[in-house]
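> Give me a 3D structure for the following:
(chains A, B, C and D)
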There are 2 protein chains.
Amino acid sequence: MRREHTKKRRSFRAPTIDDVAKLAGVSTATVSRCLNTPDMVNPDTRVRVINAVAELGYEPNFGARVMAAKRSNTIGAIIPTMENAIFARGLQAFQEELDQNGYTLLVASSSYQADLEKKQLRTLLARGADAMLLIGFARGEEIYDMLTDRQVPTIVAWSYKPEAQVASVGFDNKAAMREFTDFIFKHGHRKVAVISAPTADNDRAAERVAGIKESAADNGIDVEELDIVEVNYSIENGARAAHGLLTSEDRPTVLVCGNDVLAIGALKAARDLKLRVPEDLSITGFDDIELAQIADPGLTTVHVPHREMGRRAANLLIKMVETSQTPQSEKLATRIVNRGTLGMAPTS
Amino acid sequence: MRREHTKKRRSFRAPTIDDVAKLAGVSTATVSRCLNTPDMVNPDTRVRVINAVAELGYEPNFGARVMAAKRSNTIGAIIPTMENAIFARGLQAFQEELDQNGYTLLVASSSYQADLEKKQLRTLLARGADAMLLIGFARGEEIYDMLTDRQVPTIVAWSYKPEAQVASVGFDNKAAMREFTDFIFKHGHRKVAVISAPTADNDRAAERVAGIKESAADNGIDVEELDIVEVNYSIENGARAAHGLLTSEDRPTVLVCGNDVLAIGALKAARDLKLRVPEDLSITGFDDIELAQIADPGLTTVHVPHREMGRRAANLLIKMVETSQTPQSEKLATRIVNRGTLGMAPTS
DNA sequence: TTTGACAATGCAAGCGCTTACATTCATATT
DNA sequence: AATATGAATGTAAGCGCTTGCATTGTCAAA
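Take a look at the predicted model:
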């Protein structure tokens, strides 16, 4: 029969719920129920359906499912960049936690560009995200409005601001950095320079700098005179900035860096300039990424529980989706890790 | 009017194509054409529609679109893990390239578990992936069958095997490692130990080890006596493995590691054991990740053009989707980077 | 003026699923 | 025996979009 032949050559079609229904001898509704609310169907029927599913290698079409159910079991996240280890780590934990609860992660990266974030949010929502994870609070009001209008459960991570409209899970960047800087000042430093990530559109970086300033003021340093340079996140940029700072006359005795990556760059610059760390120069970071331990000497920094943060954010979000109640913000503790790059100020 | 009030309180609904059509005074078909094939609509109409879209903040529902168009402009990738810098980097480039061409990336990570991969592939296809990026060739036949049946354009990266059914873009792991090991032997080493990632289900790791063996044989070393230990990818594991190898009697003069991360761990172990590198002990890596430069001394390794690989994979895949022709595999060149951890074998 | 061709648009089917509602049937209750 | 109950399943509407086909209107050629 020619017909058969034609049929066979027809390009493969992924199995649909109809195929499963036919094979199992039930209606599509029953198949659907088997997959979504198994207790509603008779055990015998269930077995038949499950077998049919397995035999055909059936997987429900996601788009169709989202459309019909108005629920995607997908949670979106917009992060600045995946190349930053702290986000990669937190996100990994976030993902694992979601996965364990039957949710899927959809990521977009904004590359620290505020305008991109709005567009990406729309895209993620169009893709059916049931909830959103955002990093930090710094963004236009329209984004929050959009989230509120559409009633999308949202969590902000890496910052902590209990008074804000949207719940957050993170830590107090300002307080943590202030405490750390106090600790640094106890080592007798008076000439301090700061290398920070760009503070515009980045409340975490901004708050850390604010923490440094407060501490400086408390320690009798003229805040106006504080040398602060802002550079984009990279080892290279950290090194360059440090090099500039260290070759100026009256060089600082300590380089307080806004994050570990910049600090590692600074460390490299110091090495190139033959400055001994911490004897001639102290350097500090923030975040406690893997690199901080590997560095030689080990980087003195502030430990941030990134994984824990990701995990908690996931749980909070899931709870919000499933119970539609607004949870409390959660504050995480940071911890000073004093390795080898912070020493007493040289007495010279 | 009570009605009005009720209407206002009704929960927000994302704007649909109908809303846009109504506002612009056209049919939904025209709106759709405006978005997908703009030249088919009258410029004046187009303007009206575009304005309506902007005014409503309309974004086409992705699921509906995929269902109707049978095309998602989404490309899937299954990678072992994002926490491995080489994949993160390659994937970032892959993503950027896709983005520039109007495609979106959908990632899943298999955590090096073969059985997970099949499930994830099904998920990605159910989500409408138009094409797939896979890492390495090691996987069950059913996966390839599924891809072929459904006619999903596929590329394998990080490996290169021109004779394979599916096109690849990558490099010859065995040849590269063999050449590198030859180079190592030129430094007079006779007692070499190998720290590799697990070779089961990982053709890249396996081929690198094979390359080492071939080189060893060529250099008159009994391959049977080669100390090879396999550990999971992490600095910690690399350190532990190295520690074991270095504290055994008759310790090796060079540790050839399957990747940089393990090598960095080995470096740490050597430091802990007060062995000078490279005077007392040589250590080599593979991949040339950022850490390799930062390490002190800098890690001698093999540079792999991860970004380039990601970029090319993306272009190939896009071409396959758009022209449905099968392209040639592409081979990339690797390069030995001799930094500071490879020295002459100690003469003791 | 009539006709044909073509550009611009509308109509409506259908993509694969979920779910409210209707139906059936076995069992418990009176 | 008659009826109520509820568990199991089926029927069919509709989610928001694309696209083949039909319709309309315009303009050039005959």
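> from here on, contacts and neighbour counts on C-alpha atoms
OK.
> On the pLDDT front, check A:Ser234 for me.
Reading off the confidence values, A:Ser234 has pLDDT 91.
> Same question for A:Ser168.
Note for A:Ser168: predicted pLDDT of 97.
> Show me what it is bridged to.
Note on A:Ser168: beta-bridge partners A:Val156, judged by DSSP bridges.
> who's in contact with it?
Listed by Cα atoms under 8 Å, 6 or more residues apart in numbering or on different chains, the contact set of A:Ser168 reads A:Ile155, A:Val156, A:Ala157, A:Trp158, A:Ser159, A:Tyr160, A:Lys161, A:Pro162, A:Gln328, A:Ser329, A:Glu330.
> any idea how far it is from DNA strand D?
Remark: distance between A:Ser168 and DNA strand D (Cα to the nearest atom of the strand, to the nearest Å) = 30 Å.
> before we move on, what about A:Thr199?
The gap separating A:Thr199 from DNA strand D is 37 Å, by Cα to the nearest atom of the strand.
> tell me which element the closest residue to A:Asp182 other than its chain neighbours falls in.
Leaving aside its chain neighbours, A:Asp182 sits nearest to A:Ser215 (5.8 Å; criterion: Cα to Cα, 6 or more residues apart in numbering or on different chains). Per DSSP states H and E, A:Ser215 falls inside helix A:203-218.
> Can you name the element that comes right after that helix?
Following helix A:203-218 in sequence, per DSSP H and E, is strand A:227-230.
> Let me see the residues that make contact with that following strand.
Against strand A:227-230 from outside (Cα under 8 Å, 6+ apart): A:Val192, A:Ala193, A:Val194, A:Ile195, A:Ser196, A:Ala197, A:Pro198, A:Thr199, A:Ala241.
> Those residues in helices, which ones?
Per DSSP state H, helices hold the following members of the contacts of strand A:227-230: A:Ala241.
> Number of residues surrounding A:Glu164?
Just so we're on the same page, residue A:164 is Ala rather than Glu. When neighbours are defined as other Cα atoms under 10 Å in any protein chain shown, A:Ala164 has 11 of them.
> That one: what secondary structure?
The three-state assignment at A:Ala164 reads coil, by DSSP: H, G, I helix; E, B strand; the rest coil.
> Got phi/psi on it?
A:Ala164 adopts backbone torsions of phi -70, psi 160, taken as degrees, to the nearest 10.
> Tell me the spacing between it and DNA strand D.
The spacing between A:Ala164 and DNA strand D, counted by Cα to the nearest atom of the strand, is 31 Å.
> And A:Thr104, by the same measure?
Relative to DNA strand D, and taking Cα to the nearest atom of the strand, A:Thr104 is found at 20 Å.
> Show the residue spans covered by the strands in chain A.
Using DSSP state E, the strands of chain A run over A:74-79, A:104-109, A:131-135, A:154-157, A:168-170, A:192-196, A:227-230, A:254-257, A:282-284, A:301-303, A:330-331, A:335-337.
> Which residues of chain A lie near DNA strand D?
Residues of chain A lying close to DNA strand D by Cα under 7 Å from any atom of the strand are A:25-30, A:39-42, A:44-46, A:64, A:67-68.
> which two from the residues you listed end up farthest apart in space?
With distance counted by Cα to Cα, no two of the residues of chain A next to DNA strand D lie farther apart than A:Asp44 and A:Met67, which are 29.5 Å apart.
> Of these two, give the one with the bigger neighbour count.
Higher neighbour count among A:Asp44 and A:Met67: A:Met67, with 16 against 9, using other Cα under 10 Å.
> That one contacts B:Ala64, doesn't it?
Yes. Taking Cα atoms under 8 Å as the definition, A:Met67 is a contact partner of B:Ala64 at 6.7 Å.
> and A:Leu255, what is it in contact with?
Residues near A:Leu255 by Cα under 8 Å, 6+ apart: A:Val192, A:Ala193, A:Val194, A:Ile195, A:Ala242, A:Ala266, A:Leu281, A:Ser282, A:Ile283, A:Thr284.
> which of these lies closest to DNA strand D?
A:Ile195 (45.9 Å; Cα to the nearest atom of the strand).
> Quick one: name the residues of chain A near chain B.
Residues of chain A found near chain B (Cα under 8 Å from any Cα of the partner chain) are A:11-14, A:59-64, A:66-67, A:82-83, A:88-89, A:92, A:106, A:122-123, A:126-128, A:149-151, A:268, A:291, A:294-296.
> Whichever of these end up buried, select them in ChimeraX.
Only the buried entries of the residues of chain A next to chain B go into this ChimeraX selection, using 16 or more other Cα atoms under 10 Å in any protein chain shown:
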select /A:14,59,60,61,62,63,64,66,67,82,83,88,89,92,106,122,123,126,127,128,268,291,294,295,296
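> quick one: A:Leu124 and A:Thr253, what's the gap?
47 Å (Cα to Cα, to the nearest Å).
> Centre-most residue in chain A?
Nearest residue to the geometric centre of chain A (Cα atoms, centre = their mean): A:Phe87, 3.9 Å.
> pretty sure it contacts A:Thr81?
Yes. Applying Cα under 8 Å, one finds A:Phe87 in contact with A:Thr81, separated by 7.2 Å.
> Read off the pLDDT value for the closest residue to DNA strand D within the stretch 151-300 of chain A.
Nearest residue of the stretch 151-300 of chain A to DNA strand D (Cα to the nearest atom of the strand) works out as A:Gln151 at 14.6 Å. In this model, A:Gln151 is scored at 90, pLDDT.
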